[in-house]
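Enquirer: Predicted model follows, preceded by the sequence.
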Amino acid sequence: MSDQKIDVYPYPAGGWGALRSVAHQLKEQGIAAKGARTLLHANQPDGFDCPGCAWPDRNHGSSFEFCENGAKAVAAEATARRCTPEVLSQYTVRELAAQSDYFLEGLGRLTHPMVYDAVSDRYQAIEWDDAFELIAQHLKALPDPNQAVFYTSGRTSNEAAFLYQWFVREYGTNNFPDCSNMCHEPSGVGLKGSIGVGKGTVTLDDFTLADTIFIFGQNPGTNHPRMLAELRAASKRGARIVSINPLRERGLERFADPQSPIEMSTGGATRISSHYFQPRIGGDLAVVKGLIKQLLAWDDDARLHGAPPVLDHAFIAEHTTGFDQLSSDLRDESWAVIEQESGLSCAQLQEAAEVLRRAKKLIVCWGMGITQHPHAVGTIQMLSNLLLVGGHIGKPGAGACPVRGHSNVQGDRTMGIYEKPSAAFLDRMEQVLGFTPPREHGFDTVESIAAMADGRVKVFFGMGGNFAAATPDTPRTWAALRRCDLTVQVSTKLNRSHVVHGRAALILPCLGRTEADNQAGGPQSVTVEDSMSMVHLSRGTNEPASEHLLSEPAIVARLAEATLGPKQRWRWMAEDYDRIRERIEATLDDFAGFNQRVRTPGGFRLRNTASERVWATASGKAQFHVHPISQDTVVHRARLQTPMATVFTLATMRSHDQYNTTLYGLDDRYRGVWGQRRVVFIHADDIQALGLKVGDWVDLHTISDDGIDRSAPQFKLVAYDIPRGCLAAYYPETNPLVPLHSVAEGAGTPTSKYIPVRLTASQAPLDAPADHCGLPENAASEGTAA
Ligand SMILES: Nc1nc2c(c(=O)[nH]1)N[C@H]1C(S)=C(S)[C@@H](COP(=O)(O)OP(=O)(O)OC[C@H]3O[C@@H](n4cnc5c(=O)[nH]c(N)nc54)[C@H](O)[C@@H]3O)O[C@H]1N2
Ligand SMILES: Nc1nc2c(c(=O)[nH]1)N[C@H]1C(S)=C(S)[C@@H](COP(=O)(O)OP(=O)(O)OC[C@H]3O[C@@H](n4cnc5c(=O)[nH]c(N)nc54)[C@H](O)[C@@H]3O)O[C@H]1N2
Ligand SMILES: [Mo]
């Protein structure tokens, strides 16, 4: 682990820094030789899909693509460390709860199913059959199936997800909270309303043709490193790349490709962004409205002077509806409000609009910087408007590119992991699979927490992920989980969700992506869908971390049989995943010939109607949407509410050494942070205005209107290139600051990048700073006993 320091990282993203970091990680995990072998199977035609992120592969693995953070994800799964019942028996759960997330993860791969013993406050081994029987008893005893919720994190394969949602619906509920609810839900909702499909419209080939790429609120250098290879190629070709991000991010500035002998040997790098604009946090809706308003003004002017139009009027006339409402709203919008709320000047917006005016083929990418906001759906629909006014959807080299997070989060949705299923989908399940699914919509993530908190939900089942650490409003969420009669986690490693648990609790350890999955029907492959709707096979090759692990499909099948009986032949299906795929094929239109098609090298692409200019909206056209720029957000209200305090807008985000709630290390190399995580990035002038110095410690307090005190103590001030009034800090430590009820309108996504906070002076922590969600020790363990 690095010594604690803060400095400026002078190097490009990638390069030798990336190679050194991977070598270090393989050593840390005790797998230097095996790790290198494992990495060679990542994203190969006959290998496993990288569990790192959802960015697609060119031809699915025609050559080994080096990716630092993919390598770290693989190494973390392939670690030599084992969290056996013997290891776990050394600690009470109370003791474990006082440890950091980094410590829990560091215990290694879980090897046995385990059950919580309240008398000794410890986990102990349990037989698989007994574990399934215990869960089935709880589920069968509930008077209403809606008293259970079934979470999914986005690594779950299509086969496991399909079987899981089938079992849960046959059991009787649509309660499917998932990580998507906290992630790209607003992209799905926004795009569906605009272009009729809730997914991105571009493929990797489009990236090779685009002449202009806009990147809003996304940090590919850390979170989608393989995207940098596409951006580097585009930049070399002369494409213009425009980044819109409050923070200066190294990966958006320059990149040295570890696979380029020239860049590696000469210390050279490729410039990524041709333009970089730093709006205020939450200013994007105003930014995009400003851009379209400017294009519209130029277009009016061109018409007046008989010059070529700036907008694509032929496309607008043939394919869209609502343009008049949009243009009159934009003509009425005031530049003063746009400048004030975006944090960019008219001159900056004009400069960006000039790039758009010249764009023939435009791709717009976005990430969590757009989705985790109160007006995320509106902003995404404004991004769609921006694409539509230029006719940039449904032609080569152009389109919408929401960059998904988890490697199969998009596939899980396709498979039916959704709390608001369509009637058509349920009808089809009923016809094909021979049961009557519930029709009433279920709970999403935030609704599930509220329902556990007030006792409406009594059983929590988690298929992967780390619910206790990933969710907002930590103390309330933990109290909600602890109120449950039973919490069950299907996991690969120990995490916060095992130590913040219900009266009864189970840990069900499963195979990871990289591991061989042998069933009665022979070695099995699963399938996944990437961020660009490509579906392909994934087959693990490593020896499983323990002989007691079950695959996720096997876990679902055995639980389903224990709960619902053998009628649907669950276990038979899980013996050979082709049988599950046959049922997927019969249920979902786009999967005709699934078992054959997925075996062609590289897999196949699911149909995307918008990319064919077929608009599956109510009007049959692509829909322009009007959205006002709110001047009455939680931040505006907080300013009125606390006139004496400086109100900052806090965005919570990822460091370079983490995968969501999993910490690989304590460095954030590109931002110059080493050996620590309790830092807050702030403008140097703001530090001075507060009467503080760089390196001083502060506590963060949310300003909310529900009377609840939400604080996170002891963060170190780090001067950073970020607009004044804006702060950034890492998640999950900052989750106690996110109010549960603060969600994106129309999507329910926690607004974890738009938190009004004030700072108070604090002191350096006495011992090593905790990294477990900032809660004091007693809060972390209170109420664990039955
Ligand atoms: N190595 C690694 N890879 C990952 C993950 C990981 O944790 N580690 N997580 C995976 C998952 S699930 C996801 S969803 C993705 C997440 O990938 P990203 O979408 O890149 O997620 P974040 O790091 O949360 O934040 C992205 C960016 O948003 C910017 N931002 C903050 N507020 C605003 C704003 O108001 N406007 C704009 N324009 N920008 C803003 C931040 O400065 C930051 O650069 O990555 C996936 N891949
Ligand atoms: N404040 C704040 N909160 C956020 C975010 C933010 O930016 N800010 N981002 C949100 C986003 S975008 C997301 S996607 C969520 C992430 O929320 P989750 O998906 O719930 O969290 P992860 O940290 O990805 O889950 C890690 C755990 O998954 C388990 N695991 C790993 N591989 C496997 C596997 O193959 N199978 C199974 N069954 N388990 C496995 C391991 O036990 C590991 O501990 O967090 C959200 N929360
Ligand atoms: Mo995500």
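Expert: Arrived safely. Ligands and ions are numbered 1, 2, ... in the order given.
Enquirer: contact partners of the longest strand along the chain?
Expert: Counting by DSSP state E, the longest strand found in the chain is strand 711-719. Applying CB atoms under 8 Å, 6 or more residues apart in numbering, the set of residues contacting strand 711-719 from outside is 6, 673, 676, 678-684, 687, 692-702, 729, 733-734, 736-737, 762-765, 769, 774. No exception for glycine: its C-beta is placed from N, CA and C like everyone else's.
Enquirer: Give me the subset of those lying in helices.
Expert: Cross-referencing the contacts of strand 711-719 against helices under DSSP state H gives 684, 687.
Enquirer: Buried among the contacts of strand 711-719? Need that as a selection in PyMOL.
Expert: A single PyMOL command selects the buried members of these (16 or more other CB atoms under 10 Å):
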select buried, resi 6+673+676+678+679+680+681+682+683+687+692+696+697+698+699+700+701+702+729+733+734+736+737+769+774
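Enquirer: Just the contacts of strand 711-719: which are in strands?
Expert: Among these, the ones falling in strands (DSSP E) are 6, 673, 679-682, 697-702, 729.
Enquirer: Find the pair from those residues with maximum spatial separation.
Expert: Ile6 and Thr702 (25.1 Å; CB to CB).
Enquirer: wait, what's in contact with Gln381?
Expert: Gln381 touches 190, 193-194, 625, 627, counting by CB under 8 Å, 6+ apart.
Enquirer: let's see it at 10 Å
Expert: By CB atoms under 10 Å, 6 or more residues apart in numbering, Gln381 lies in contact with 186, 189-191, 193-195, 285, 288, 375, 388, 623-627, 746.
Enquirer: Look up phi and psi at it.
Expert: Dihedral angles of Gln381 (phi, psi; degrees, to the nearest 10) stand at phi -70, psi -30.
Enquirer: what does the one 4 residues further on give?
Expert: Note on Asn385: its backbone torsions stand at phi -60, psi -40 [degrees, to the nearest 10].
Enquirer: residues contacting the closest residue to it other than its chain neighbours?
Expert: Excluding its sequence neighbours, the residue lying closest to Asn385 (CB to CB, 6 or more residues apart in numbering) is Phe624, at 5.4 Å. Applying CB under 10 Å, 6+ apart to Phe624 gives the contacts 194, 292, 316, 320-327, 329, 381-382, 384-385, 388-389.
Enquirer: tell me the pLDDT at the closest residue to Thr84 other than its chain neighbours?
Expert: Nearest residue to Thr84 in three dimensions, chain neighbours excluded: Thr111, at 4.9 Å (CB to CB, 6+ apart). Looking at Thr111, its pLDDT reads 98.
Enquirer: distance of Thr111 from Tyr664?
Expert: Counting by CB to CB, to the nearest Å, the gap from Thr111 to Tyr664 is 21 Å.
Enquirer: about what we covered before: ok, which of the contacts of Phe624 also contact ligand 3?
Expert: Counting by CB under 5 Å from the ion, nothing from the contacts of Phe624 sits close to ligand 3.
Enquirer: Check those for burial and list the buried ones.
Expert: By 16+ other CB under 10 Å, those give 194, 292, 316, 320-323, 326-327, 329, 381-382, 384-385, 388-389 as buried.
Enquirer: Can you tell me which of those residues end up in strands?
Expert: Among the buried ones among the contacts of Phe624, DSSP E puts 320-321 in strands.
Enquirer: Would you mind checking which of the buried ones among the contacts of Phe624 is nearest to Val310?
Expert: Val389 (8.7 Å).
Enquirer: who touches the closest one in this structure?
Expert: Contacts of Val389 (CB under 10 Å, 6+ apart): 291-292, 295-296, 299, 310-313, 315-316, 320, 323, 326-327, 330, 356, 624.
Enquirer: Ok, Met534 next?
Expert: Counting by CB under 10 Å, 6+ apart, Met534 makes contact with 56-57, 60, 203-204, 410, 528, 602-606.
Enquirer: Residues in a beta bridge with it, which ones?
Expert: Note on Met534: beta-bridge partners Arg605, judged by DSSP bridges.
Enquirer: Quickly find the element holding Pro756.
Expert: Taking DSSP states H and E as the definition, one finds Pro756 inside strand 755-761.
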